[in-house]
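# sequence and predicted structure are below.
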Protein chains: 2
Amino acid sequence: LEPIYSLKNPRVKEWAALKQKKYRNQTGQYLIEGVRLVEEAIAADVEIVQVLASFERTNERLDQLLDQVRAKGIPVTECSDPVLAHVADTQTPQGIVAIAKKPEPVDGFLDMSQANANLVLLVDGIQDPGNLGTIIRTADAVAADAVFVSDNTVDPYHPKVVRAAMGSLFHLPVLEQSLPDRIDSLRQYGFQIIGSSSHQGDVYYNVDLRGPHALVVGSEANGISQELEPYVDKWLRLPMLGKAESLNAAIAASVMMYEVVRQRAR
Amino acid sequence: LEPIYSLKNPRVKEWAALKQKKYRNQTGQYLIEGVRLVEEAIAADVEIVQVLASFERTNERLDQLLDQVRAKGIPVTECSDPVLAHVADTQTPQGIVAIAKKPEPVDGFLDMSQANANLVLLVDGIQDPGNLGTIIRTADAVAADAVFVSDNTVDPYHPKVVRAAMGSLFHLPVLEQSLPDRIDSLRQYGFQIIGSSSHQGDVYYNVDLRGPHALVVGSEANGISQELEPYVDKWLRLPMLGKAESLNAAIAASVMMYEVVRQRAR
């Protein structure tokens, strides 16, 4: 097959459109950029529709990755570097971009009917892609069961979120859903809903977090939304000992997640 | 005085040059952008050389802030919006940019001769301005005594760091310094040097962190540098329970800082 050189090629236009949420939602597909992230996606058995690779590549690690891709039966399309740069959100996608399928929405409670699940995140309005990616990365690190994301949150399949999550997006379910609906379902499984705050509640390390808990993470500017506040069963206060008024949202969420780890290890 | 309209005005060029580290170092000055941050700087008694304000402003909060600025004897120069946008790193500096003086380097041990100090941060190679700003914000939140920054770290007075720190840069000393020199000085005051890791050391919450400690924060890509590794007295391991290989550097540092808070509250 001929490599693709033209930015006007209709397939190139379709791929580049995946930088926009609208087209990700229409197609159910998203972009994974760079050698490291595509390696992670392959290792995690993410469903990949197609891989675009630079025919100008001179990178052995990339060649090995493409062997793996082909061995999985995933089609590889060779492109010029300008075509790849046009499709990608990063300026240097390191010779490779994968087109992946978003996971299907889940109606029921994942595998939580098996009652192993005990920590989920409910992200309520985070706007910064770096913050959401970082939250997903920490959720993976603490082996949380899932991350549910409200529709007023940045799209978790935005290329900048995919990048900041450093592969963790492929390691646990990250799903868009109405949070009140999800909370109803979580409560049936005995979950308590917790939210962090700089001004209300008991100091977080004095609250028993060993049972199943769902942590609501509010937006950078406004915290947990008015709609969701009534659902919070326990407020956990993060002590502010200096002059800062609050923490970065990803930091606050991560301190909470590691407190859960600490308590459950006892 | 006439407002400044021209981007070619030599003073405008000098101010805009403060977006570059070279000119910040030459002049010892840096930029503070936006109403909220300048309010924080005024409240924290940061030394401000001059304030640039949009003469097109229609914002009452900004007018009140300018009254405070003038009451402190700080000169205010009126500029057109394009001039302000040119000087600022943000696209919308909300009608105000302050030119502030960086704090003087400190030879001795701050006020630590008073032996109150017990937590300092040593930042060794962080490149992302958002990460450094976030670390400074958490350091403020836990009432750390100071943040020392190596010269291979992003400049803490970079406008993006100033912004991400959300005012915390004005609340505690943030100083560039050779970290080995600083460590020598810290040890004389009984400090132990700690570093976090995803693969070595005791699990962090099992290590006694109540005495004076200095936390080394390594770079996003490479962790703590080879030069600094031999100085680390205790490695603290952050358990990785899922499939993530490591945490974001600001997250790891913040989890450690809040563990110090938890242990010292007992």
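Noted; the coordinates are in hand.

# quick one, strands of the stretch 101-250 of chain A?
Taking DSSP state E, counting those that start in this stretch as the test, the strands found in the stretch 101-250 of chain A are A:119-124, A:146-149, A:174-176, A:192-197, A:202-203, A:213-218, A:234-237.

# looking at chain A, which helix is longest?
Looking across chain A with DSSP state H, the single longest helix is helix A:249-264.

# who wins for proximity to chain B among the strands of the stretch 101-250 of chain A?
When the strands of the stretch 101-250 of chain A are compared by C-beta to the nearest C-beta, strand A:202-203 sits nearest chain B, at 7.5 Å. Every residue, glycine included, has its C-beta placed from N, CA and C.

# any residues of the stretch 51-200 of chain A in contact with chain B? List them.
Taking C-beta under 8 Å from any C-beta of the partner chain, the part of the stretch 51-200 of chain A that reaches chain B is made up of A:130, A:134, A:137-144, A:164, A:166-168, A:171-172.

# go ahead and flag the most central residue of chain A.
Centroid check for chain A by C-alpha atoms, centre = their mean gives A:L169 as the closest residue, at 4.3 Å.

# which ones are touching it?
Residues near A:L169 by C-beta atoms under 8 Å, 6 or more residues apart in numbering or on different chains: A:G133, A:I136, A:P156, A:Y157, A:V161, A:V162.

# if we use 7 Å, what do you get?
Taking C-beta atoms under 7 Å, 6 or more residues apart in numbering or on different chains, we find A:L169 in contact with A:I136, A:P156, A:V162.

# how close does it sit to chain B?
Plainly put, A:L169 is 11 Å away from chain B if you go by C-beta to the nearest C-beta, to the nearest Å.

# flag the shaky bits of the stretch 1-150 of chain A, pLDDT-wise.
Residue ranges of the stretch 1-150 of chain A with pLDDT under 70: A:1, A:106-117.

# helices of that one, start to end?
Shown for the stretch 1-150 of chain A, the helices assigned by DSSP state H, counting those that start in this stretch span residues A:10-17, A:21-27, A:35-43, A:60-71, A:81-87, A:129-141.

# so can I have TSV of those showing distance to A:S197?
As requested, the helices of the stretch 1-150 of chain A are exported to TSV (distance: least, C-beta to C-beta, whole Å):
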stretch	distance to A:S197
helix A:10-17	40
helix A:21-27	30
helix A:35-43	34
helix A:60-71	44
helix A:81-87	42
helix A:129-141	17
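
# mind listing what the residue lying closest to A:I32 once chain neighbours are set aside touches?
Of all residues not flanking A:I32 in the chain, A:A98 sits nearest, at 4.2 Å (C-beta to C-beta, 6 or more residues apart in numbering or on different chains). Shown in contact with A:A98 (C-beta under 7 Å, 6+ apart): A:I32, A:V38, A:A41, A:I48, A:V51.

# which one of those residues is nearest chain B?
A:A41 (12.2 Å).

# A:S196 and A:H213, how far apart?
In this view, A:S196 and A:H213 are 12 Å apart by C-beta to C-beta, to the nearest Å.

# average pLDDT across stretch A:255-265?
For stretch A:255-265, mean pLDDT is 96.

# touching chain B at all, it?
Yes - using C-beta under 7 Å from any C-beta of the partner chain, stretch A:255-265 reaches chain B at A:V255, A:Y258, A:V261, A:R262.

# and those residues, which are buried?
A:V255, A:Y258, A:V261, A:R262 (16 or more other C-beta atoms under 10 Å in any protein chain shown).

# out of those, who's nearest B:G218?
A:Y258 (18.2 Å; C-beta to C-beta).

# what's the nearest residue to that closest one if we skip its chain neighbours?
Per C-beta to C-beta, 6+ apart, closest to A:Y258 is B:V255, 4.7 Å.

# I'd guessed that neighbour sits against A:V255; true?
Yes - the criterion here is C-beta atoms under 7 Å, and B:V255 meets it with A:V255 at 6.0 Å.

# if we can go back for a sec, quick one: which of the strands of the stretch 101-250 of chain A is nearest A:A17?
Closest among the strands of the stretch 101-250 of chain A, using C-beta to C-beta: strand A:174-176, at 19.2 Å.

# more neighbours: which of A:S196 and A:H213?
Set A:S196 next to A:H213 and count neighbours by other C-beta atoms under 10 Å in any protein chain shown: A:S196 wins out with 26 against 22.

# partners of that one in the sheet?
As for beta bridges, A:S196 partners with A:L236 under DSSP bridges.

# per-residue pLDDT, it?
pLDDT at A:S196 comes out at 94.

# so how far is A:V35 from it?
36 Å.

# before we move on, back to that, against A:K72, how distant is the residue nearest to A:I32?
On the measure of C-beta to C-beta, A:A98 and A:K72 end up 11 Å apart.

# next one: A:Q188
A:Q188 sits at a distance of 38 Å from A:K72 (criterion: C-beta to C-beta).

# since we're on A:D208, how many residues are nearby?
By other C-beta under 10 Å, neighbour count at A:D208 equals 9.

# could you find the closest non-adjacent residue to it?
For A:D208, the spatially nearest residue (C-beta to C-beta, 6+ apart) is A:Q263, at 7.2 Å.

# ok, A:K19 next?
Of all residues not flanking A:K19 in the chain, A:D89 sits nearest, at 5.5 Å (C-beta to C-beta, 6+ apart).

# so what's that neighbour up against?
A:K19, A:L31, A:E33, A:P159, A:K160.

# rerun at 8 Å
Contacts of A:D89 by C-beta under 8 Å, 6+ apart are A:K19, A:L31, A:E33, A:P159, A:K160, A:R163.

# turn those into a markdown table, including neighbour count.
Shown next, in a markdown table, are the contacts of A:D89 (neighbours: other C-beta atoms under 10 Å in any protein chain shown):
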| residue | neighbour count |
| --- | --- |
| A:K19 | 17 |
| A:L31 | 25 |
| A:E33 | 22 |
| A:P159 | 22 |
| A:K160 | 17 |
| A:R163 | 21 |
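
# farthest pair within those?
Farthest-apart pair in the contacts of A:D89 is A:K19 and A:R163; separation 12.4 Å (C-beta to C-beta).

# pull the number of nearby residues for A:V49.
Neighbour tally, A:V49, other C-beta under 10 Å: 13.

# could you find the closest non-adjacent residue to it?
A:I99 (4.8 Å).

# that neighbour reaches A:E33, doesn't it?
No - in this structure, A:I99 is not within contact of A:E33 by C-beta atoms under 8 Å, at 10.6 Å.

# can you pull the residues that touch both of these two?
What both A:I99 and A:E33 touch, as defined by C-beta under 8 Å, 6+ apart, is an empty set.

# reformat the contacts of A:L169 as TSV; add neighbour count.
Shown next, in TSV, are those (neighbours: other C-beta under 10 Å):
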residue	neighbour count
A:I136	30
A:P156	24
A:V162	27
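
# now, among the residues you listed, which is nearest to chain B?
Among the contacts of A:L169, and counting by C-beta to the nearest C-beta, the member closest to chain B is A:I136, at 9.2 Å.

# which residues touch that closest one?
Taking C-beta under 8 Å, 6+ apart, one finds A:V147, A:P156, A:V161, A:A164, A:A165, A:S168, A:L169, A:L172, A:V174 in contact with A:I136.

# any idea how far A:I224 is from A:D155?
Distance from A:I224 to A:D155, by C-beta to C-beta: 20 Å.
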